[in-house]
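> sequence first, predicted coordinates after that:
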Amino acid sequence: MASTNDLKNGMVLKLEGGQLWSVVEFQHVKPGKGPAFVRTKLKNVMSGKTVDKTFNAGTKVDTATVDRRGMQFSYKDGEYFVFMDMETYDQIHITPEIVGDTANYLMEGFEATVAMYQGEALFVELPAAVELVIEHTEPGVQGDRSTGGSKPARLETGYEVGVPLFITTGEKIKVDTRSGEYLGRVNS
């Protein structure tokens, strides 16, 4: 148990029938009249849905101890993604629903943070940006390079992103894992 006065971003709360909610942002409000309260934005750990919720200041809330572990993606076994704990070398199988859009950027050997609660994986987080090689993209047409347009490119993971026209097959680029946007070339 914790008080709403102790809330921090990233803290996981157990609310409404045992559902887990992560604190995205919070704000302590002390109006001129009336009691203080805490305005929060919470994200459901399982569904990803966000809601705004207000608590009275000092209210007790149930916290969940979520263990965030550094794990390495090993391979895909059928539909499951197999991750290896970097400390214990234990392997865990995670369903595609839990991996979610992170699968678009996963390569063997990539390190990720896996959030665990009571032995169950909750979600998988990659760093904000990853470096991947372009497996295929059409060549840019001479003269198009200064227009600032973009073209589709298939990454080595099979995922497709938009890249500037001057990017060619075989180049390594940096991609934002949250938005899927091209961030720039990687100089080898």
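Here it is on my side, so go on.
> helices along this protein, start to end?
Residue ranges of the helices in the chain, as given by DSSP state H, are 96-99.
> which residues does Arg154 contact?
With contacts defined as CB atoms under 8 Å, 6 or more residues apart in numbering, the neighbours of Arg154 are Ile134, Glu135, His136, Thr137, Glu160. C-beta coordinates here come from the backbone N, C-alpha and C atoms, glycine included.
> what's the answer for Glu156, then?
Contacts of Glu156 by CB under 8 Å, 6+ apart are Met107, Leu132, Val133, Ile134, Glu135.
> now render the contacts of Arg154 as TSV, adding neighbour count.
What follows is the contacts of Arg154, written out as TSV (neighbours: other CB atoms under 10 Å):
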residue	neighbour count
Ile134	19
Glu135	15
His136	12
Thr137	20
Glu160	15
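> just grab the bridge partners of the residue nearest the centre of the chain for me.
The centre of the chain sits closest to Glu125, judged by CA atoms, centre = their mean, with a distance of 4.1 Å. Beta-bridge pairing for Glu125 (DSSP bridges): Thr113.
> surely Leu132 is in contact with Tyr105?
Yes. If you go by CB atoms under 8 Å, Leu132 and Tyr105 touch, sitting 6.9 Å apart.
> low-confidence ranges in the chain?
Within the chain, the set of residues satisfying pLDDT under 70 comprises 140-148, 188.
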